[in-house]
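>>> kindly return the folded structure for what I paste below:
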Amino acid sequence: MFLTGSAIRPEAGVGTVQCKFTSDAGRRLRPSDLTKEEETVRELVASGQAEAYVLMTNMGVDAPAAARLRSRLVDMGVKFPHVLGGEFLTWSIRRSVRLRALAMPAGRGPWFPVKRGVIHFPPRRHAISEG
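Residues are numbered from 1 along each chain as shown. Sure, this is the predicted structure:
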C-alpha cells in the first residue's frame, strides 16, 4: 500500500494504492476480499489519506464484483474508488513496450502467469523509416 497525489486531478486529494496479488492464476476477486482492509481504509479516509483509493490485483475482476467493491469503498468514505484487475494489468503490459520488456527478461522467458499457462508477448517489429 502506498500514498500518492494527483497532479492531473488535484481535487482528488491524496490517494492510496493497494496491490492485492495471489499466486492462484485462476482466482477471481470477490467483495469479501476487502474485509480485512476495511478498518485500515476507514482510518486512511479519516486521516485524509484516501480520498482516492485504487485497488490493483492480478486476480480476475468481473464488472458486478468491481461495482460492489467500488460501492463498499464509497460506503467507507472514499470519494474516488478504482478497481483494476488482472485484465487491466495484461492490457497495460501488452500495450507498453517498456512493460513488455520487464514481462519477458532477456534469456529467461516470460513470467507473467494467467489462468492456463503463461502469456507470451511476441516482440514487435517496428519499421525504421529514413526521411
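>>> tell me who's in contact with residue 34.
41, 55, 69, 72, 73 (Cβ atoms under 8 Å, 6 or more residues apart in numbering). The way it works is simple: take the backbone N, C-alpha and C, and place the C-beta from them, glycine included.
>>> how about the helices in the protein?
Taking DSSP state H as the test, the helices found in the chain are 38-46, 63-75, 86-95, 97-103.
>>> need the ones you listed in TSV (columns: mean neighbour count, distance to residue 20 and mean pLDDT).
Output for the helices of the chain, formatted as TSV (neighbours: other Cβ atoms under 10 Å; distance: least, Cβ to Cβ, whole Å; pLDDT from 0 to 100):
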stretch	mean neighbour count	distance to residue 20	mean pLDDT
helix 38-46	16	12	92
helix 63-75	16	11	94
helix 86-95	15	11	85
helix 97-103	14	19	75
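>>> returning to what we had before: dump the contacts of residue 34 to a markdown table, plus distance to residue 25.
Shown next, in a markdown table, are the contacts of residue 34 (distance: Cβ to Cβ, whole Å):
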| residue | distance to residue 25 |
| --- | --- |
| 41 | 27 |
| 55 | 19 |
| 69 | 20 |
| 72 | 25 |
| 73 | 26 |
